[in-house]
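In: starting from these lines, generate the structure:
(one chain, ligands or ions: 2)
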Amino acid sequence: MSTSNSVSSLVQPLGETPPEAVVFGGTDAMQALRERLAKIAGANVPVLIQGESGTGKDIIARMIHAASPWKSGPWVKVNCPAIPGTLLESELFGYEKGAFTGAFGTKPGRVEMAHRGTLFLDEISELDMSLQSKLLQLLQDGQFCRIGAQEDKKVEVRVVCATNRKLEEEIANGAFRADLFYRINVVNLHMPPLRDRISDLPELVAFFLECYNRKFNSRAKPLTTELMNALRKYHWPGNVRELENLIKRYVILGTEEAISSDLRPQQPDFFSADINVDGPISLKKITRQAVHELERKIILKVLQHHHWNRKQAARALNISYRALLYKIRDAGLPSNRAARRPQAGNAPNDGVAAD
Ligand SMILES: Nc1ncnc2c1ncn2[C@@H]1O[C@H](COP(=O)(O)OP(=O)(O)O)[C@@H](O)[C@H]1O
Ligand SMILES: [Mg+2]
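Out: Residues are numbered from 1 along each chain as shown. Ligands and ions are numbered 1, 2, ... in the order given. Modelled structure (predicted):
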């Protein structure tokens, strides 16, 4: 595993952000968010951005930085789940020479790199308990300690955190420190899901269409009324990111048929007992599907809790490691952290994966 990222590669340049009019649209919830953002961006207080995946948390975090007094300072983003648990501490806080085997030199962490700038911690719920304590110390007194160092260091950073999980639930489960939650949650911004701001759809569609037509040098036409209506009815589990990808595919493939099949209806909720009783009902089949779905949800939750360590997850679930691997495949779950995005063409029957 490499720990040799240079400072400059971690202090990322700001990416391109869509125009504010597109980002916020016209719904009340987004306008309230815009006003809140304008009020808080200038004050150096921690901000917690909550919302489903693809709702624009990254964009908002970058806007907070761009409107802050430290806008000319560094913007340092840490995607917590992307860095293996064992490396995350040294990535965040750095280390001294000889702190552990392989620490041949001294390395500053990303916290230090964000001095007089913004530290954006994405998917904060993925931090384990010991890192949560170190982050708490940083937020309380601006101090932290490199691994293997004798003394604490002081740093001035604006901390912005994001999560798509309900941290209140994580606290109730004992997976997230309540005191840290209060520290990072001085200001809370909630990103509404796309299905709750569907009146903004036409502007978003027009924006992405224009964008990708330009990018791919294409001339894809505006969508038909029928397709726009289908988009309005769709439940958008992947939010604006999903819409963006859909329009990108439309521009590349050039036909509406190519994307209309992507608008699959929502999975039935087996637990609501909201079952159509007009036709024949197979109790056996419904029960089997419900058990399957419940099993999938529990396995996913336990895997997330154990940072995708399948051996620990199997122990926690009190099933064998092989049984867990089988169930992961059977449920169509990705087999490791790196491949956590749902994949098409999952092959449930191609044997049990090796570790
Ligand atoms: N409100 C928005 N306006 C315009 N584009 C958006 C908006 N929200 C998300 N996107 C698009 O969706 C993609 C994902 O957004 P991102 O900020 O990374 O979401 P999140 O961090 O909540 O998962 C981005 O590439 C961006 O272009
Ligand atoms: Mg994000």
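In: in the protein, where is pLDDT below threshold?
Out: Along the chain, the parts satisfying pLDDT under 70 run over 1-17, 266-277, 335-355.
In: can you give me the strands in it?
Out: Counting by DSSP state E, one finds strands in the chain at the ranges 47-50, 75-79, 94-95, 107-108, 117-122, 143-144, 153-154, 157-163, 187-190.
In: mind putting these into TSV with mean neighbour count and distance to residue 330?
Out: Using the backbone N, CA and C atoms, a C-beta is placed for each residue, glycine as well. Conversion of the strands of the chain to TSV gives the following (neighbours: other Cβ atoms under 10 Å; distance: least, Cβ to Cβ, whole Å):
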stretch	mean neighbour count	distance to residue 330
strand 47-50	24	32
strand 75-79	21	29
strand 94-95	23	41
strand 107-108	18	42
strand 117-122	24	30
strand 143-144	18	43
strand 153-154	14	49
strand 157-163	25	29
strand 187-190	16	35
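In: for residue 315, find the nearest of these.
Out: strand 157-163 (26.1 Å; Cβ to Cβ).
In: residues touching the residue in the chain positioned nearest to ligand 1, list them.
Out: Using Cβ to the nearest ligand atom, residue 56 is the residue of the chain that sits closest to ligand 1, at 2.7 Å. Residue 56 makes contact with 23, 191, 239, 240, according to Cβ atoms under 8 Å, 6 or more residues apart in numbering.
In: among the residues you listed, name the buried ones.
Out: Among those, those classed as buried by 16 or more other Cβ atoms under 10 Å are 23, 191, 239, 240.
In: out of everything not next to it in sequence, what's closest to the third one?
Out: It stands for residue 239. Residue nearest to residue 239 in three dimensions, not counting chain neighbours: residue 54, with 3.5 Å by Cβ to Cβ, 6 or more residues apart in numbering.
In: show me the chain divided up by domain.
Out: As given by automatic domain parsing, the domain ranges for the chain are 7-190, 194-260, 283-339.
In: save the ones you listed as TSV, and put in distance to ligand 2 too.
Out: Formatted as TSV, these follow (distance: least, Cβ to the ion, whole Å):
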stretch	distance to ligand 2
domain 7-190	4
domain 194-260	9
domain 283-339	16
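In: CA atoms of the helix ranked longest in the chain as CSV?
Out: Of all the elements of type helix in the chain, the one with the most residues (DSSP state H) is helix 283-305. These are the backbone C-alpha positions of helix 283-305, laid out as CSV (Å, rounded to 0.1, in the frame of the first residue of the first chain):
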residue,chain,number,x,y,z
LEU,A,283,-48.1,-15.8,0.4
LYS,A,284,-45.1,-18.2,0.0
LYS,A,285,-43.5,-16.1,-2.7
ILE,A,286,-44.1,-12.7,-1.0
THR,A,287,-42.7,-14.1,2.3
ARG,A,288,-39.6,-15.5,0.6
GLN,A,289,-39.0,-12.2,-1.2
ALA,A,290,-39.4,-10.2,2.0
VAL,A,291,-37.0,-12.5,3.9
HIS,A,292,-34.5,-12.1,1.1
GLU,A,293,-34.8,-8.4,1.1
LEU,A,294,-34.5,-8.1,4.9
GLU,A,295,-31.4,-10.4,4.7
ARG,A,296,-29.8,-8.2,2.1
LYS,A,297,-30.4,-5.0,4.1
ILE,A,298,-29.0,-6.5,7.3
ILE,A,299,-25.9,-7.9,5.5
LEU,A,300,-25.3,-4.6,3.8
LYS,A,301,-25.6,-2.7,7.1
VAL,A,302,-23.2,-5.1,8.9
LEU,A,303,-20.7,-4.9,6.1
GLN,A,304,-20.7,-1.1,6.2
HIS,A,305,-20.4,-1.2,10.0
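In: buried residues in it?
Out: When neighbours are counted by 16+ other Cβ under 10 Å, the buried residues of helix 283-305 are found to be 293, 296, 299, 300, 302, 303, 304, 305.
In: okay, the nearest residue to residue 307 once chain neighbours are set aside and residue 298: tell me how far apart.
Out: Counting by Cβ to Cβ, 6+ apart, residue 85 is the residue found nearest to residue 307 once chain neighbours are left out, at 5.0 Å. In this structure, residue 85 lies at 21 Å from residue 298, with Cβ to Cβ, to the nearest Å as the measure.
In: residue contacts, the nearest residue to residue 95 once chain neighbours are set aside?
Out: Computed as Cβ to Cβ, 6+ apart, the closest residue to residue 95 that is not its neighbour in sequence is residue 147, at 4.0 Å. Listed by Cβ under 8 Å, 6+ apart, the contact partners of residue 147 are 89, 90, 93, 94, 95, 96, 99, 100, 103.
In: give the buried subset of those as a PyMOL selection command.
Out: Restricted to buried positions by 16+ other Cβ under 10 Å, the PyMOL selection for these reads:
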select buried, resi 89+90+93+94+95+96+99+103
